[in-house]
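Chemist: Sharing a model prediction with you, sequence too.
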Amino acid sequence: MTKRLEGRPGACGKVLRLTLEPSAWVALAIFAGATACGDAQTSRPLSEAHDSHEEEPAEHAGETTGHGDEGGHEDEEESVEISREVQQRFGIEVVAAAPGSVEVTLDLPGEIRPDPDRVVHVKPPFAGIIKRVYKHVGDAVKSGETLATLESSRALAEYPIKAAIEGMITEEHVPIGEAVDTSHALFTVADTSVVWVELQVPASDMQRVQKGNSVEILLRGAPSTRGTIFFVNPVVDEVTRTASARVVLRNDGALRPGLFVTGRVAVATEQAGVSVPSSALVRDGDGWVVFVREGDVRFSKHPVLVRLRGLDRTAIQSGIETGTEVVSNGAFLVKSAAARSEMGGGHSH
Amino acid sequence: MIQRIVNFSLDNRFLVVVLWLLVAGIGVRSMLQLPIDAVPDVTNVQVQVLTNSPGVAPEEMEQFITFPVESAMSGLPKVEEIRSVSKFGLSVVTVVFEEGSDIYWARQLVGERLSAAREQIPPGYGNPEMGPISTGLGEIFQFEVKGEPMCGDSPDTDACFTPMELRSILDWNVAFRLRAVQGVVEVNSFGGELKTYQVTADPGKLRAYGLAMGDVFSALRANNENVGGGYVAHQGEQYLVRGEALIETLSDIREIALKANLDGTPVRISDVATVEFAPMIRQGAVTRDGKGEAVIGIVMMLIGENARVVVDRVNERLEQIEKSLPEGVSVDVFYDRTDLVQRTINTVAKNLAEGGALVIVVLLLLLGNLRAGLIVASAIPLSMLVAFTFMRQFGIDGNLMSLGAIDFGLVVDGSVVMIENIVRKLAHRAPSDERPHLERVRESALQVARPVVFAVGIIMIVYLPILGLTGVEGKMFRPMALTVVFALGGSLVLALTLMPVMASFFLENVRETEPWLFRMAKRIYTPTLGPAIRHRGVTFGAAITLFVVSLATAPFLGAEFMPRLDEGAIAMQVWRLPSVSLEQSNDISTEIEKVLVDEFPEIKTIVSRTGRAEIATDPMGVEISDTYIILEAPSTWRFESKEELIAAIDDVLAKKTVGAIFSYSQPIELRVSELISGVRSDVALYLYGDDLTLLKKKADELVGVLQRVPGAAEVKAEQTTGLPMLRVHLDRRAMARYGIGASHVLETVQAVGGAQAGVVLEGQQRYALQVRVPSSLRERPEQIGELRLVAPAGTGGEPRLIPLKEIADIRIEDGPAQISREAISRRISVELNVRGRDLAGFVADAQQAVAGQVEIPPGYLLDWGGQFENLQAASQRLAVLVPLALLLIFVLLYSSFSSGRMAALIYLNVPMAVTGGIFALALRGYPFSISAGVGFIALFGIAVLNGVVLVSYIVEMRERGLAPDEAAQEAARIRLRPVLMTALVASFGFVPMALATSAGAEVQRPLATVVIGGLVSSTLLTLLVLPAIYRWFAPAEPGAQTSKKQLPETPTP
């Protein structure tokens, strides 16, 4: 604080120094120092940051204590006071850490496919000539319903050709009066009340996507539907080099085979003993910290060990207890304030 | 020579009058044309090379742009320094040329080398260009473009305005036309949203059609062209042929075909992408008065132009432009340099008038002759006009430094001595004297011509050391010294030519009266003088004691290096942590503005410029805002001074805001310091080397060591890291497996921020055409790895969609926020100030500590610099120049008296003057500053002048055979009036400045205080101590002293 006052134009008396730029240096000093202790140049793979269980606690413990050495400052527990009024003005909010369900999701591209068991290609039982056609593309048919009649070239009698399953005619190739043989598919009858979603799982995600994972299928222009992974193909497709994960879904008509969809797979879920909103976590050097409100106006920085970081909530392994009030909104502002007061106090000797 | 001038003037009186009228005419013309600004321009001769390359990280900026530009620039002649900063999306290389280099010449050199640099920069990395030809004083005018009503959250219709529309109006209807105004070099647009035609391509849909991101780029590039086809001749006529396929509308883009499916149906852009207007990715924004974002324009003035004239032209053009703007759009000017210029002019005019009036009053009171007073007073405007003419010729701008600190007392001194002598001689002529009036004037004029030349010459000489200052100090004070020297030169010529001529015209029948004031002075002085001379030991002892006491007081004054000129407005800098996002920065700024607007009725308006404009000219990150606080008139304030107001603002901000810290400056000051951008601390260490991490580590070590050296304060390392970075490092083996090329992947990475694929023309207006990934896929850092790339079809299959993370290693790292370079090497600086001990001693200690405790790796170089260097250089220069000037004065005195003793006696006036100056400073509580130093210099001149006036007369008395003491007493009695007059005129001329509170007062007050205080003491001491101790210096035998030079004859009283 003293330093900042000295930087003001009114307070002269500095021996022989340019007063052209009175106090930018103070600002720099504060931030330079803040980064000196805060942000070592190290890196972490993104996937881990986002990913489920973080690596061994030992490494993290080392990080959190080692942190701060560089700037030559001590920051056992940085804390800062922010008045009620300012909290309100800047929308700084706290919530209590609580048990909760944490979910990590993964978006995978996929395609809707008909269930192969429910697609029937209707073929003539023997060679003959098509006499009559009763049903056409788009017609719903019942099992056993006659679709067309065929005149046997040998018996010269008409035989009905019937649907084997209930469904819709999706294709027809029935030239009236033309001779067809037994290899000619006359109709395709498909039952789309149940469809498959084939999700493509790239190599890097194959470990995480497992049978039984819950999946949300996102479809452009339609409400999403939920399902579970029914089957993950153990063999990787030779062309796409992805494994397919299959979700079986009931279809009320929106899930049209052939559509591209996105499957949001819940690859890890956990009922965490301590969890906080993910917005409460702030990167600090290599680790994560949260800011804890103590009393009404005091906030202090607590390094935490993250167990599982989900989109909305994050499970905390250690560092804070259930019931601790952590900053859920405006954590960056509190971080800035802490960095500032730390330096202000640290330099006035 | 001197006599010839006087004789010539009196022989050609009308010619002299005509010539002076001519000089006055030229002077008036120069005055009107003289560029006037508020403060001196201390910007060095520099050329900035700016390269904007949106979206490129600091390291790539350095590698691909900064380095080639720097190496192209090295080896240019007269270059003092090449330094650079590489930041996210911006590279700034500053080439500083030697002082006095011609800026256009410098730019030409840089321009020539720039073409070589361009060849070294890979395509797509931007085009280096020179910054505007402007200086720290360039931002003369700022305005907001307002629209009523704004759309806000409601949908954009024709009835309301969006920030994007306002920005387009500013760019194309306002700024574009303002640039054509003479004297305007650039109009920068800032804030709002820069419109682009954006193709938001959906990777999923692209895949569905078997297309890649690159196909979109190539389709856009291939479908946006007009060509000329020459002409066809037909029936004796000639028809021009044009092929037209330029994109004109959004739907033109939508219709562009990417490919045709096997069955012939075309796949168009609209099938795979949304085409819309979207803002270009930005690194800055403007907010105002707590009401959110604003769109502003900043007018930059060409170097060397006259601010008031240019602003007038800008205003005139703006008026025209405003009429043509769409209804509801208005231009609101919030910063206008002419306000400040007007204040400068007012201050100077006020000082001129008041000082002049006081001088006339003093002359009247001491001389008792109004006409003589008026004649002398005419020296003030005439000398000023001469000064204006020379300023114009030498390219010195008028400002508070150059014009604000002229002492009109000094300017009239020569004329005072001249006219006083003429009046006295005319009044005391012997009845027998039958010579014509002109001849008597001639005689009296010739009598004092030589002392006048000496005296004014001496005053001019004392200003010479100031001309030796360099750097920022030189730029502040040299114009001031030069202006004074010009004015003094004018006044000297005036005293020798016009003054006798005027006297011959208007002072025919003068009677010398002894006005009341003079009688009073005499009545007090005469009885005091005798005892003073008798008890010379006591007198001298008292003088010495006072001098010693004053010297003992001096260390308690404190010192301040440079004065700060009040610009009226506040420029506050707001700093946040470097990792802050622009949105968060804006929110903080808006809250700060709200708090200030609510709490301070003194504030007229607040505009925060956060980060930098899309086309940047200064390397500011989004963590910094330049906040302009424009104030109401000081008379309406609740605070006594601006310092108090700033203290109150700081206090409120500390209590009511969070997430930022503040520093306070002024608009011009801030801009200038950004431009000269040298190290401003007392001591700086520069560490040069290659590895950024190692540099940072060593800098931190240095901070640790230096902090422990006694006297170190505010030790800090340059902030270079702290920018979170998402690195997508491609895995070549993985790419090979999928058959994907790097450029293909990188195109997708580019499309995260928006990659330009061309330009869309709307008439004259040009907008970028960019391709971007949908926002839903780039909201969170994690999503970047999930972006899908389209790989070519495998064996017989369909094209594959591969997540980015499959073929790249994606990490979040703290990367360098900026890379500073100097002398073609990466550099990190550690700065500190020194408190409570001398700089030289500290530096020696610190150097020892660093050498012992910090190991500098091989290949790395440590260099010491900083303000202490400049200070040392300045003091060394002054250490030579000041004694030199003093020696020169001594030589002048010696040649005038042919006696080292007399010269030494006169020199005694210097410590006597210092005594009063120091006491006056102490009394008013001012620190010692360069301003005060200049005051002392002026003071020495006048004090020496007084000594000359007195001693020359004593010498004369001795020559007539008087004993030393009698001669001294007699001379003192007779020379009381001229001594009092020069002293009083000089000090009264400074009274308005000493009491000034208007613009420029910061510089004037210490200066004027020193002169007034010093003159009081030196006059008293001249009149009492000099006569008293004369005997000690006097030659033993009366009349033994022979004067080789012609000294003034005794005027017969």
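Modeler: Everything's here; your move.
Chemist: Provide the secondary structure category for the residue nearest in space to the middle of chain A.
Modeler: Nearest to the mean C-alpha position of chain A, counting by CA atoms, centre = their mean, stands A:T105 at 3.9 Å. What DSSP: H, G, I helix; E, B strand; the rest coil gives for A:T105 is strand.
Chemist: how far away is it from chain B?
Modeler: 10 Å (CB to the nearest CB, to the nearest Å). Backbone N, C-alpha and C define where each C-beta goes, glycine included.
Chemist: contacting residues around that residue?
Modeler: Residues near A:T105 by CB atoms under 8 Å, 6 or more residues apart in numbering or on different chains: A:216, A:264-267, A:310-311.
Chemist: can we see that at 10 Å?
Modeler: Listed by CB atoms under 10 Å, 6 or more residues apart in numbering or on different chains, the contact partners of A:T105 are A:213-216, A:263-269, A:310-312.
Chemist: Which residues of the stretch 151-300 of chain B lie near chain A?
Modeler: B:202-205, B:207-208 (CB under 10 Å from any CB of the partner chain).
Chemist: Filter those residues down to the buried ones and express that as a ChimeraX selection.
Modeler: Buried subset of these, written as a ChimeraX selection, criterion 16 or more other CB atoms under 10 Å in any protein chain shown:
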select /B:202,203,204,207,208
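Chemist: JSON lines for the residues of the stretch 151-300 of chain B next to chain A, including pLDDT?
Modeler: Output for these, formatted as JSON lines (pLDDT from 0 to 100):
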{"residue": "B:D202", "pLDDT": "82"}
{"residue": "B:P203", "pLDDT": "76"}
{"residue": "B:G204", "pLDDT": "73"}
{"residue": "B:K205", "pLDDT": "77"}
{"residue": "B:R207", "pLDDT": "72"}
{"residue": "B:A208", "pLDDT": "72"}
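Chemist: want to try CSV for the residues of the stretch 151-300 of chain B next to chain A, with secondary structure as columns?
Modeler: Formatted as CSV, those follow (three-state DSSP):
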residue, secondary structure
B:D202, coil
B:P203, helix
B:G204, helix
B:K205, helix
B:R207, helix
B:A208, helix
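Chemist: Please identify which of the residues of the stretch 151-300 of chain B next to chain A is nearest to A:S183.
Modeler: Distance to A:S183 across those (CB to CB) is lowest for B:A208, with 32.1 Å.
Chemist: That closest one is in contact with A:F260, isn't it?
Modeler: Yes: assessed by CB atoms under 10 Å, B:A208 is found in contact with A:F260 at 5.6 Å.
Chemist: Check the contact lists of those two and give me the overlap.
Modeler: A:111, B:801.
Chemist: Help me confirm that B:P1027 is found in a helix?
Modeler: Yes: per three-state DSSP, B:P1027 lies within a helix segment.
Chemist: Check what pLDDT the residue nearest to A:V194 when sequence neighbours are not counted gets.
Modeler: Closest residue in space to A:V194, ignoring its immediate chain neighbours: A:D115 at 5.4 Å, by CB to CB, 6 or more residues apart in numbering or on different chains. A:D115 carries a pLDDT value of 88.
Chemist: Can you tell me how far A:D115 is from A:V248?
Modeler: As judged by CB to CB, to the nearest Å, A:D115 and A:V248 stand 7 Å apart.
Chemist: In the beta-sheet assignment, what are the partners of the residue nearest to the centre of chain A?
Modeler: A:A266 (DSSP bridges).
Chemist: Distance of it relative to A:N233?
Modeler: Distance from A:T105 to A:N233, by CB to CB: 21 Å.
Chemist: do B:D845 as well
Modeler: 73 Å.
Chemist: which one of the two has more residues nearby?
Modeler: The residue with more neighbours, out of B:D845 and A:N233, is B:D845; 16 against 13, by other CB atoms under 10 Å in any protein chain shown.
Chemist: check contacts around that one.
Modeler: B:D845 neighbours (CB under 10 Å, 6+ apart): B:706, B:709-712, B:837.
Chemist: what's near enough to touch the residue nearest to A:V194?
Modeler: A:190-196, A:246, A:248-249, A:251, A:257.
Chemist: What about these, which one has the most neighbours?
Modeler: A:W196 (24 neighbours).
Chemist: Please name the residues that touch that residue.
Modeler: A:110-116, A:118, A:227, A:230-231, A:244, A:246-249, A:251, A:255, A:257.
Chemist: Which of those residues fall in helices?
Modeler: Among the contacts of A:W196, the subset assigned to helices under DSSP state H is empty.
Chemist: any idea how far the residue nearest to the centre of chain A lies from A:R208?
Modeler: 10 Å.
Chemist: shared neighbours, those two?
Modeler: By CB under 10 Å, 6+ apart, the residues touching both A:T105 and A:R208 are A:265, A:267-268.
Chemist: one step back: shared neighbours, A:D115 and A:V248?
Modeler: A:194-196.
Chemist: Same list, those, but as TSV with distance to B:I419 please.
Modeler: What follows is these, written out as TSV (distance: CB to CB, whole Å):
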residue	distance to B:I419
A:V194	117
A:V195	112
A:W196	113
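Chemist: contacting residues for the closest residue to B:V42 other than its chain neighbours?
Modeler: Spatial nearest neighbour of B:V42, chain neighbours left out: B:K475 (4.2 Å); criterion: CB to CB, 6+ apart. The contact partners of B:K475, taken as CB under 10 Å, 6+ apart, are B:40-44, B:99, B:401, B:469, B:672, B:676.
Chemist: Redo the residues you listed as JSON lines? Include pLDDT, secondary structure and distance to B:S931.
Modeler: Output for these, formatted as JSON lines (pLDDT from 0 to 100; DSSP: H, G, I helix; E, B strand; the rest coil; distance: CB to CB, whole Å):
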{"residue": "B:P40", "pLDDT": "80", "secondary structure": "coil", "distance to B:S931": "13"}
{"residue": "B:D41", "pLDDT": "80", "secondary structure": "coil", "distance to B:S931": "18"}
{"residue": "B:V42", "pLDDT": "79", "secondary structure": "coil", "distance to B:S931": "15"}
{"residue": "B:T43", "pLDDT": "81", "secondary structure": "coil", "distance to B:S931": "21"}
{"residue": "B:N44", "pLDDT": "83", "secondary structure": "coil", "distance to B:S931": "22"}
{"residue": "B:E99", "pLDDT": "83", "secondary structure": "coil", "distance to B:S931": "22"}
{"residue": "B:M401", "pLDDT": "78", "secondary structure": "coil", "distance to B:S931": "9"}
{"residue": "B:L469", "pLDDT": "78", "secondary structure": "coil", "distance to B:S931": "13"}
{"residue": "B:V672", "pLDDT": "78", "secondary structure": "helix", "distance to B:S931": "18"}
{"residue": "B:I676", "pLDDT": "70", "secondary structure": "helix", "distance to B:S931": "21"}
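Chemist: Buried only: go through the residues you listed for me.
Modeler: For the contacts of B:K475, buried by 16+ other CB under 10 Å: B:40-44, B:401, B:469, B:672, B:676.
Chemist: Of those, just say which sits nearest to B:V92.
Modeler: B:I676 (13.5 Å).
Chemist: Double-check that closest one against B:E80; I have them as touching.
Modeler: No: between B:I676 and B:E80 there is no contact, the gap being 11.7 Å when judged by CB under 10 Å.
Chemist: Overlap of the contact sets of these two?
Modeler: Joint contacts of B:I676 and B:E80 (CB under 10 Å, 6+ apart) are B:44, B:46, B:96.
Chemist: Dump these to a markdown table, plus distance to chain A.
Modeler: Putting the shared contacts of B:I676 and B:E80 into a markdown table (distance: CB to the nearest CB, whole Å) gives the following:
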| residue | distance to chain A |
| --- | --- |
| B:N44 | 13 |
| B:Q46 | 16 |
| B:V96 | 17 |
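Chemist: and the helix or strand hosting B:S251, what does it pack onto?
Modeler: Counting by DSSP states H and E, the element that carries B:S251 is helix B:250-254. Judged by 3 or more CB pairs under 10 Å, 6 or more residues apart in numbering or on different chains; DSSP states H and E, helix B:250-254 is in contact with strand B:195-201, helix B:269-272, strand B:273-279, strand B:755-762.
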